[in-house]
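**Student:** Need a 3D model of the following:
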Amino acid sequence: MRRSLHLVQLLLPLADNDGRAFPRSAYDRVRYELTERYGGVTAYLRSPAVGLWKEGAGHLSRDDVVIYEVMTGELDRAWWADYRLALQERFR
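**Tutor:** Down below sits the predicted model:
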């Protein structure tokens, strides 16, 4: 019987809302945490992805992001909810 896997993607900004870049150590920490918990991680760091969205009266906002992916058989929603809050605080 095949076990189903879940792909979890994290999109992390390269800079805060004031345009200040986050230190490499912030991303190294995420890589370490995910590798320790899930046994591995894929990180797309070289070419940042670009996120665009509309705010208000047609104003276009942009984020340059890096992407981290993990595969897991069990989706621990409580852990991910807590981790998301921690990342929101770290990456403002």
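
**Student:** switch to C-alpha atoms for all contacts and neighbour counts from now on
**Tutor:** Will do.

**Student:** Tell me which other helices or strands whichever strand or helix holds Trp79 touches.
**Tutor:** Per DSSP states H and E, Trp79 falls inside helix 77-90. Helices and strands touching helix 77-90, as assessed by 3 or more Cα pairs under 8 Å, 6 or more residues apart in numbering; DSSP states H and E, are absent.

**Student:** List phi and psi for Arg20.
**Tutor:** Dihedral pair for Arg20: phi -80, psi 130, per degrees, to the nearest 10.

**Student:** buried residues in the host helix or strand of Leu60?
**Tutor:** Element membership for Leu60 (DSSP H and E) is strand 59-72. In terms of neighbour count (16 or more other Cα atoms under 10 Å), strand 59-72 has its buried residues at Asp63, Val65, Val66, Ile67, Tyr68, Glu69, Val70, Met71, Thr72.

**Student:** Centre of the chain to the helix holding Trp79, how far?
**Tutor:** Here the centre of helix 77-90 is set off from its chain's centre by 10 Å, with Cα atoms, centre = their mean, to the nearest Å.

**Student:** got it, and stretch 23-30?
**Tutor:** Centroid displacement of stretch 23-30 relative to its chain, using Cα atoms, centre = their mean, is 11 Å.

**Student:** start at 137 instead
**Tutor:** That works, and once the first residue is 137, the last one we named lands at stretch 159-166.

**Student:** In PDB, list the C-alpha atoms belonging to it.
**Tutor:** Extracted in PDB, the C-alpha atoms of stretch 159-166 (Å, rounded to 0.1, in the frame of the first residue of the first chain):
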ATOM      1  CA  PRO A 159      20.300  38.100   7.100                       C
ATOM      2  CA  ARG A 160      21.300  34.800   5.600                       C
ATOM      3  CA  SER A 161      21.300  33.300   9.100                       C
ATOM      4  CA  ALA A 162      17.500  33.700   9.200                       C
ATOM      5  CA  TYR A 163      17.200  31.300   6.200                       C
ATOM      6  CA  ASP A 164      19.900  29.000   7.500                       C
ATOM      7  CA  ARG A 165      17.800  28.700  10.700                       C
ATOM      8  CA  VAL A 166      14.700  27.700   8.800                       C
END
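
**Student:** How is the closest residue to Leu196 other than its chain neighbours assigned, secondary-structure-wise?
**Tutor:** Using Cα to Cα, 6 or more residues apart in numbering and skipping residues adjacent in sequence, the residue nearest Leu196 is Lys190, 4.6 Å away. Following DSSP: H, G, I helix; E, B strand; the rest coil, we place Lys190 in the strand state.
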